[in-house]
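In: Show me how the following folds:
(chains A and B)
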There are 2 protein chains.
Amino acid sequence: MTLDGREPQQEGRSAKRWLIGEPLPTEKLEGQLLPKRLALPIFASDALSSVAYAPQELLMILLLGGLAFLSFAPWVAVAVIVLLLVVVASYRQLIKAYPSGGGDYEVAHKNLGEKAGLIVASALLVDYVLTVAVSVASGVDNIISAIPMLNPYRIEIAVGFVLVIMAVNLRGVRESSKTFAIPTYLFIASVFVMIVAGLVRTLFGDAPVAESASYTVQGENLTQAAFILLLLRAFSSGCSALTGVEAVSNGVPAFRRPQIKNAQTTLVLMGGTAIVLFAGLTALALISGVHYAENACHLQGFANCETAPQPSLMAQVATAVFGANSIPFFFIQAVTACVLLLAANTAFNGFPLLGAVLARDSYAPRSLNTRGDRLVFSNGMIILGLAACVILVVYQANLTQLIQLYIIGVFVSFTLGQIGMVKHWLRALRQEDAKPREIWPSLVINAFGALLTASVLIVVTITKFTHGAWLVFVLMPILYTLMLGVNRYYRDVEKEIEVDPTTTFGASGDHAMVLVNRMQKPTLKALDYAIAANHASLEAVHIAVDEESTKKLEKQWSEMNIHVPLTVLESPYREFAIPVLKYIKAHREEHGSEVVTVYMPMYIVGHWWESLLHNRRAKRIRQQLLLMHGVSVTIVPWLLDSSELIYGRRSRPLPGQERRGEPVRPEKAVPRGPVKTKK
Amino acid sequence: MTLDGREPQQEGRSAKRWLIGEPLPTEKLEGQLLPKRLALPIFASDALSSVAYAPQELLMILLLGGLAFLSFAPWVAVAVIVLLLVVVASYRQLIKAYPSGGGDYEVAHKNLGEKAGLIVASALLVDYVLTVAVSVASGVDNIISAIPMLNPYRIEIAVGFVLVIMAVNLRGVRESSKTFAIPTYLFIASVFVMIVAGLVRTLFGDAPVAESASYTVQGENLTQAAFILLLLRAFSSGCSALTGVEAVSNGVPAFRRPQIKNAQTTLVLMGGTAIVLFAGLTALALISGVHYAENACHLQGFANCETAPQPSLMAQVATAVFGANSIPFFFIQAVTACVLLLAANTAFNGFPLLGAVLARDSYAPRSLNTRGDRLVFSNGMIILGLAACVILVVYQANLTQLIQLYIIGVFVSFTLGQIGMVKHWLRALRQEDAKPREIWPSLVINAFGALLTASVLIVVTITKFTHGAWLVFVLMPILYTLMLGVNRYYRDVEKEIEVDPTTTFGASGDHAMVLVNRMQKPTLKALDYAIAANHASLEAVHIAVDEESTKKLEKQWSEMNIHVPLTVLESPYREFAIPVLKYIKAHREEHGSEVVTVYMPMYIVGHWWESLLHNRRAKRIRQQLLLMHGVSVTIVPWLLDSSELIYGRRSRPLPGQERRGEPVRPEKAVPRGPVKTKK
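Out: Next comes the predicted model:
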């Protein structure tokens, strides 16, 4: 082997010296991480938006038993709030222990093993689809509550929103922009103002009265078991208020330093806000006498129940507090719809984030963990968007039915995450340098959280299974199996390509061929490069499919006085790859296991449509050549003028990038080569 | 430049010597060309199947004027037959003069210039879509005539058939198999038997009577102009019998030798059969008193006109001759439907054929002219199939409406083809060695054909434009512009890559880099190949995105005692391509315009889904490296075990292959390399 005499170390140093001129962009990175004021809306829109539907679904289930059952509502709501408090406390511990952004998946995977991790992952994947479906359905519900004439187009509007959100994300959008933060803050503020206004009016004896307060419902005589089941069902529907709480724990790397503390503070702020809004809305709904029924025709007094839409709880409360069709009413409906659509958008960002974590652990295509592979993310988002559309169409964008599917996955990941945390603390206790005083409180919190979420999971499963949740239990095993299959595939490949002492490649000779079709600049460039590479032997190879052009080439070859021998291969079947393959085979039979390098020119183009017009044949030949043992293919690029366009292109933000704490590189995508005039 | 000492000639000879062992497969090729008995059904199914709808549409238009107008039917039919005779005679000349299979497009292009050629091409492209739509609509019509209960699903069945035909062609199917020939022969035979039986019964005074003979139609008082217009409209609808006549002229290269004579004989046979069937069916329909109306409710006496389907003319004649729901009736309907679906299938074969011719002339992506690029053909067929589906849905699979669009394109290409032929013969006359005696008859035939088809084109345009044909006049310019754009693009590129004496590539140095990610067999193979290639300088380059794995690699590197220096590039943004690009840029700035060859391993896999799991990142890096001046990329393939599967795969026939006279190579797709155990 001939080297140019420089020592390896020197080479390495020169590379480093060259790099030293450029400061490490740690500061820049820090500058692009999220401050709390931006992190809150990004990570909280999912959790906060769920208060738009959770109280409604809670009261609706209770109403199935009759008006009298609404008196249990405060107790059920308190149970939900207690659960929310416990879950927030549990996740504060999780953020501290696993700040890498893997969330429940990572905790379950590391502490309970691969299978538990994959169960959490498949639960979360299903939940992303349902987050989109439920949030959009609820958003459309609130839009229709404000503009009832849109009711006949419920499904079309819902599907339309999903497609728009998908398109926006496919195009690439920075989630951390202020446009994304404003609706969440407006939502919090306006709902808070509404709650205060309503409570103040109540205090002064002018309690708001909802339109539906006058409607009555036929009470049912329930057995004690049915009574308890109804309470539990109401509780599990109310638990939809907890969806999205885990989002912060998945995004710790995106927070400004001190990351753990900032993330914890954001989580607590989010939990507190959610509790205030949830409690306030439930209270106002009860005070104003909102009666929301699963089937509008069960409401005695509600006219045109078959066709008229039932206004959402949010709309009814807003109407009661601010008056029908008042400006504040429309404002509340608008920001509620906005926040719900933002929550749907978060799924499009969270999905690639989970994909990246799964890819890192080899349960998903590795490319999902690669920065900048827009195609992969695009495919993922298209799958997510279409799945949500299918679900919306199948369930007629019916919020109540969708909620039935929703919370299973959330509580699967809550429960396994908490159990994992318990195991984590127990192991921490057993370590030599353990500080039991610090560990015990965390252990107790997580153990309590695990117990509670596990109980809720059982309740949710029992009360929801026959109402549609079985679908989730079908989808989860399918995803589980797929992910396991991918993992096993990677493991097998890893074994196949592992370095062992016995494998020799026996590459000895060095023969090069330049494929020549016509006498053109790209061909000459390839020839030039091949000559520069100084191979032991070199020949040009032409496949003769057309006698005339072959003769022309041979003539030009001798005219231009090219010293590389030109071999002409006959191709009776007008094929390109097969004659070359046969020729190489014959060559190798003659010369032993020589390495044969095949030079091929390739057009580099600037417009996507240009690639439809070029390179197809070359690509096919390349693919076939690469199947042959002992062959390597050298691509000599020919930059068409249009390829200049690529230099100007800036990279667009990828979905989920900011949640991963990965800032967009501020520079242009491709640094230009130093030689411009010479191709 | 160092060569291995062998002379160019010697090299060439050794290649030829190696090839001599294998006989040129001319004989094989001949054996796979089509004998007349197979060529007739392949090229005639389109033309012959049109007799299934042409008489019906002819009579239907006449009936718009009232029952009395049917007495003009024989004259109109005779006009159509005369036109058919002239067109067949004209195409006999065309086959002789242009046996290369370019058909009307080639004739117009060569004699009337680029623009005329492109008009023909765009007309033909539109016609392929309409051939599918019309044939399938008529086929479904005949199925529903036999099984009226399918009537509510007309559109669904039609779209279903298009999708099935598309799927079959995407899968790959040999058109020359006997299965394709049988239905056409059965159709000819059974319709012929029916005509003879009907005429014999008439001769013996037992004339068949159609069910609809008793229905009457409200006559209209037409002005003389309206009367003539109606006759012309009936004539132009009857001209749909001529569609498909041009097929033979496009497929001359697929015929056995003597090609021209065989093709001409087949054309005459086809024309004769079409005339017999067309005349016989029209006569029988008139004898048996078939009354077929555009709007079934205009038929006084036809019950349930809103819902019940009107039986097709073919069905009514078959019922009249053989009796309702008799076995021959069902047989006739079945073979008619079969032949019509076969005619739709021919479009899926003719489309790639035209694409190949256009590609040869640089009006379509060149890949369309490449053998074996299934992907390109697949895309074309998907476009064709979906366009036909859209048209079927938009026009509710209504045959009469579709016929309005259909014949414009056919007569555009007829007319321009004939005019081109006239110019061809005129030029032939002017040549020195011209034989006027041989040329004059041809010239007269084609001139008459041109005159007649031009007149018909004017008639068709006038009578059909407002009935839907305007759509064709919108689509054709779009296709025309697209093809012209592709041509201009290729011309510009051609200029850009033309060899000129001033371009120098200045490739002088020879530096090579091997991209190393982890220490694995594919990496070692790439390294081995790079060492074998004996570059002037060689280094291994690692991009450090993860400190741990970098340290591990450096340790392994020194442990394995690899003499190639390892350069580690920092990547603060966790990117892969950019650090390498910057490093190469710096290297080139230091060492001048050296050629830098970058070695990259690449996985070769056997299953399509495996490619989802590999190579994404490598592909992205490769794409970015190829954008840089002075860089070439060498791909060192790593054949995963699953890639063995590829060797077993046989190539499937491509659509239109047999019409082009291109036999499928009998061997396996990829010859195996000689070394199996060593990768």
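In: how is chain A carved up into domains?
Out: Taking the TED database as the reference, chain A has its domains at A:44-490, A:510-649.
In: and the ones you listed as CSV, adding mean pLDDT and mean neighbour count?
Out: For glycine as for every other residue, the C-beta is placed from the backbone atoms N, C-alpha and C. Shown next, in CSV, are the domains of chain A (pLDDT from 0 to 100; neighbours: other Cβ atoms under 10 Å in any protein chain shown):
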stretch, mean pLDDT, mean neighbour count
domain A:44-490, 88, 20
domain A:510-649, 85, 19
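In: tell me the SS of residue A:543?
Out: Recorded secondary structure, residue A:543: strand (DSSP: H, G, I helix; E, B strand; the rest coil).
In: Report the contact partners of the residue of the stretch 51-200 of chain A found nearest chain B.
Out: Across the stretch 51-200 of chain A, the shortest distance to chain B (Cβ to the nearest Cβ) belongs to residue A:100, at 13.4 Å. Going by Cβ atoms under 8 Å, 6 or more residues apart in numbering or on different chains, residue A:100 touches A:106, A:252, A:253.
In: So which of those belong to helices?
Out: residue A:106 (DSSP state H).
In: restrict the contacts of residue A:100 to contacts with chain B.
Out: On the criterion Cβ under 8 Å from any Cβ of the partner chain, none of the entries of these sits beside chain B.
In: Redo the domains of chain A as TSV? Include distance to residue B:399.
Out: As requested, those are exported to TSV (distance: least, Cβ to Cβ, whole Å):
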stretch	distance to residue B:399
domain A:44-490	33
domain A:510-649	35
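In: Chain neighbours aside, what residue packs nearest to the single nearest residue of the stretch 301-450 of chain A relative to chain B?
Out: As assessed by Cβ to the nearest Cβ, chain B sits closest to residue A:367 within the stretch 301-450 of chain A, at 3.4 Å. Spatial nearest neighbour of residue A:367, chain neighbours left out: residue B:616 (3.4 Å); criterion: Cβ to Cβ, 6 or more residues apart in numbering or on different chains.
In: The helix or strand hosting residue A:357 - contacts with which helices or strands?
Out: Element membership of residue A:357, judged by DSSP states H and E, is helix A:327-360. Judged by 3 or more Cβ pairs under 8 Å, 6 or more residues apart in numbering or on different chains; DSSP states H and E, the packing partners of helix A:327-360 are helix A:36-49, helix A:103-112, helix A:114-146, helix A:154-171, helix A:178-203, helix A:247-250, helix A:313-322, helix A:374-394.
In: Off-centre distance for that helix?
Out: 12 Å (Cα atoms, centre = their mean, to the nearest Å).
In: next one: stretch A:483-497
Out: 23 Å.
In: Then stretch A:125-138?
Out: Worked out by Cα atoms, centre = their mean, stretch A:125-138 lies 13 Å from the chain centre.
In: If residue A:603 is in a bridge, with which residues?
Out: Beta bridges link residue A:603 to residue A:638 when assigned by DSSP bridges.
In: Same question for residue A:570.
Out: Here residue A:570 sits in beta bridges with residue A:544, as judged by DSSP bridges.
In: Next, find the distance separating it from residue A:642.
Out: Plainly put, residue A:570 is 36 Å away from residue A:642 if you go by Cβ to Cβ, to the nearest Å.
In: Now residue A:540. Its backbone dihedrals?
Out: Backbone torsions for residue A:540, taken as degrees, to the nearest 10, come to phi -100, psi 140.
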